[in-house]
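1. Everything below, folded, please.
(one chain, ligands or ions: 1)
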Amino acid sequence: MATPNAPFVPPGTGWPEDPAAPDTPVARGPREALELAEKAPDLDELCARQSVCRACPRLVAWREKVAVERRRAFAGEEYWGRPVPGWGDPEPSILIVGLAPAAHGGNRTGRIFTGDRSGDWLFASLHRVGLAAQATSVYAGDGQRLIGARVAATVRCAPPDNKPTPDERAACLPWLAAEVAQVTPSVRCVVCLGGIAWQGVWPALKQAGYDLPRPRPKFGHGAEILLPALPSSERSDPVLMLGCYHPSQQNTFTGRVTEAMLDGIFERARDYGR
Ligand code: SF4
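-> Numbers count the residues shown, from 1 in each chain. A predicted model of the protein is given here:
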């Protein structure tokens with residue numbers, strides 16, 4: 001009898017780049033996600049905890065259903081089937097924030113923006129401007145490496161139709177906020193891929209000690225805002241927030257996003273972050 005497809009990779013069983021261990025604590029609701037995120041002692045443990053979270057029942061069910069059913073092209077591959085943690089340089093000068101992993105991309109490979117068309121565009125651009133070691137990101141353990149950059153998502157689990165609910169976005173915010181707080185000592189620029197990331201990163205930056213403008217500036221490709229550190233925070237340098245259209249298939253197919261447009265944003269981020 002054929003072995004049934006597994007709904008997820010058990011933590012600490014040898015998957016490349018798996019940050020978790022079998023005893024990594026699991027959040028089973030939003031309150032636990034908040035507590036575990038806030039109390040994570042360092043970035044490694046934070047990512048480990050992100051990668052085993054089960055706080056959102058609808059998203060857990062969806063990500064595991066996708067992992068069991070699989071797309072025909074990947075039928076012979078094991079799927080990650082877990083939240084996709086932040087990935088890249090642990091002391092980045094540039095933090096790139098997206099919406100959520102793709103069902104057959106990050107949810108399959110375990111690395112954000114890896115194994116899908118959006119990631120192909122993103123990593124090719126990062127490589128052209130010197131922020132990624134390779135032009136492609138195909139699977140965890142493929143040798144890809146970010147240089148002075150890190151990628152994270154506002155929601156860590158693949159959502160149906162790429163649409164997390166407001167409650168799911170709120171439940172996942174502590175993971176992003178804790179990650180932003182862990183990396184902001186080195187971060188000089190935050191690139192938001194799409195309007196939802198733009199909105200989702202504001203509360204995380206506020207918690208990390210930055211002063212937010214009122215009203216919030218609108219998202220747009222090339223939108224920029226310099227956020228000063230709050231006098232009460234331990235920060236001193238401001239952080240530059242940059243808007244970038246998401247390299248989704250819809251945007252790249254229609255020409256709303258071009259290679260030159262992506263390169264322009266990441267060149268700006270790279271030059272500012274130096
Ligand atoms: S979306 Fe975020 S909070 Fe919800 S289960 Fe996934 S990792 Fe946990």
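2. so which strand or helix has A181?
-> For A181, the host element (DSSP states H and E) is helix 166-183.
3. Who are the contact partners of C244?
-> With contacts defined as C-beta atoms under 8 Å, 6 or more residues apart in numbering, the neighbours of C244 are V191, C192, L193, G194, H221, G222, M261, L262, I265. C-beta: built from backbone N, CA, C; applies to glycine.
4. are any of the residues you listed buried, and which?
-> Of all the contacts of C244 considered here, the ones buried according to neighbour count by 16 or more other C-beta atoms under 10 Å are V191, C192, L193, G194, H221, M261, L262, I265.
5. which residues sit against stretch 154-170?
-> Residues external to stretch 154-170 that are found in contact with it (C-beta under 8 Å, 6+ apart): 30, 50-51, 53, 56, 58-60, 62-63, 66, 83-85, 97-103, 105-107, 172-173, 175-176, 196-197, 200-201.
6. is it up against the ligand anywhere?
-> Yes - Stretch 154-170 reaches the ligand (C-beta under 6 Å from any ligand atom) through V155, R156, C157, E168.
7. now the helices for the protein?
-> Secondary structure of the chain by DSSP state H: the helices cover 30-39, 43-50, 57-69, 106-109, 117-128, 166-183, 195-207, 249-253, 259-273.
8. Please identify the deepest-packed of the ones you listed.
-> Each of those was scored by mean neighbour count; the highest is helix 106-109, a mean of 28, by mean count of other C-beta atoms under 10 Å.
9. Provide the contact partners of it at residue level.
-> With contacts defined as C-beta under 8 Å, 6+ apart, helix 106-109 is touched by 63, 66-67, 74, 77, 79-81, 84, 101, 112-116, 119, 138-140, 153, 157-158.
10. Quick check: which ranges of the protein have low pLDDT?
-> Within the chain, the stretches with pLDDT under 70 are 1-3.
11. So which bits of it are right by the ligand?
-> Proximity of the chain to the ligand (C-beta under 6 Å from any ligand atom) is limited to residues 33, 50, 53-56, 59-60, 83, 155-157, 168, 171-172, 175.
12. T13: which of those is nearest?
-> The shortest separation between T13 and any of these is 16.2 Å, and it belongs to P83 (by C-beta to C-beta).
13. How many residues are close by that closest one?
-> A total of 33 residues lie near P83 under the criterion other C-beta atoms under 10 Å.
14. Could you pull up the residues touching the closest residue to V66 other than its chain neighbours?
-> For V66, ignoring the flanking residues on the chain, the nearest one in space by C-beta to C-beta, 6 or more residues apart in numbering is A103 at 4.6 Å. For A103, the contact set (C-beta under 8 Å, 6+ apart) comprises W62, R63, V66, A158.
15. which non-adjacent residue is nearest the first one?
-> Using C-beta to C-beta, 6+ apart and skipping the chain neighbours, the partner closest in space to W62 is P160 (5.2 Å).
16. same check, this time on A133
-> R145 (4.1 Å).
17. of all the helices of the chain, which lies closest to P4?
-> Proximity to P4, assessed across the helices of the chain by C-beta to C-beta, is greatest for helix 57-69 (7.3 Å).
18. any idea how far that closest one is from the chain center?
-> Its chain's C-alpha centre lies 19 Å from the corresponding centre of helix 57-69 when counted by C-alpha atoms, centre = their mean, to the nearest Å.
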